[in-house]
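K.L.:
build me a structure from this.
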Amino acid sequence: MPVWSGPGTAAHASSAAELRYRMNYPLAPSRGVRVVALDSGAEAVVRQVSKSGWNKARFYVAETNLNTQGIQGAPVEVVLHGFDGAVASLNDELEDVDSTIMVATSDFGSEAAATIGAACSVRGIMTAGLVLGEDTENTVSALRPYAQVLLVPADDADLEAILTAMRAK
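P.N.:
Numbering: from 1, shown residues only. Prediction:
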């Protein structure tokens, strides 16, 4: 059996006409991503995915409080709890971020979704929503206004696949 010893034909342009289609620049760097579980069902999935050793992604569970400070005009303040026990401010965590993924299994986190969506919108950050579980109708209704991209129905493996596609690893 022959041993492969170099780049395939796709790596070489064989004519000047083909050469002009070759990309001569590196891929864009990996993206800064924040993944936020909006309810306890989503927390289990996000916690499991967070264990895979991501370089550019941070994982949180959202907790909502009355808005006494933070984002102007937001109905609630969102406090983010990391799986290491650290507490983070939504405002701080959205610095230098390209996208935020909200994961939900119910409409329980609709207030957090509204605040996160508004904060991302004013910063030009792409938002995505993953709807897991059986209660898709109510969950979609809660996330749809705040997620530019919505994956319904999603399963547990979809979050890891999306993060890999975003080069967050």
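K.L.:
can you give me the helices for this structure?
P.N.:
For the chain, helices defined by DSSP state H occupy the ranges 16-19, 40-50, 90-93, 110-123, 136-143, 156-165.
K.L.:
so which of these is nearest Thr64?
P.N.:
The closest approach between Thr64 and any of those, judged by Cβ to Cβ, belongs to helix 110-123 at 4.9 Å. No exception for glycine: its C-beta is placed from N, CA and C like everyone else's.
K.L.:
next, the buried residues of that closest one.
P.N.:
Under the neighbour-count criterion of 16 or more other Cβ atoms under 10 Å, helix 110-123 has Ser110, Glu111, Ala112, Ala113, Ala114, Thr115, Ile116, Gly117, Ala118, Ala119, Cys120 buried.
K.L.:
next, the angle from it to helix 136-143.
P.N.:
Using axes from the mean of the first three to the mean of the last three Cα atoms, to 10 degrees, one finds that helix 110-123 and helix 136-143 are set 40 degrees apart in direction.
K.L.:
stretch 125-142: end-to-end distance?
P.N.:
Taking Cα to Cα, to the nearest Å as the measure, stretch 125-142 stretches 19 Å from start to finish.
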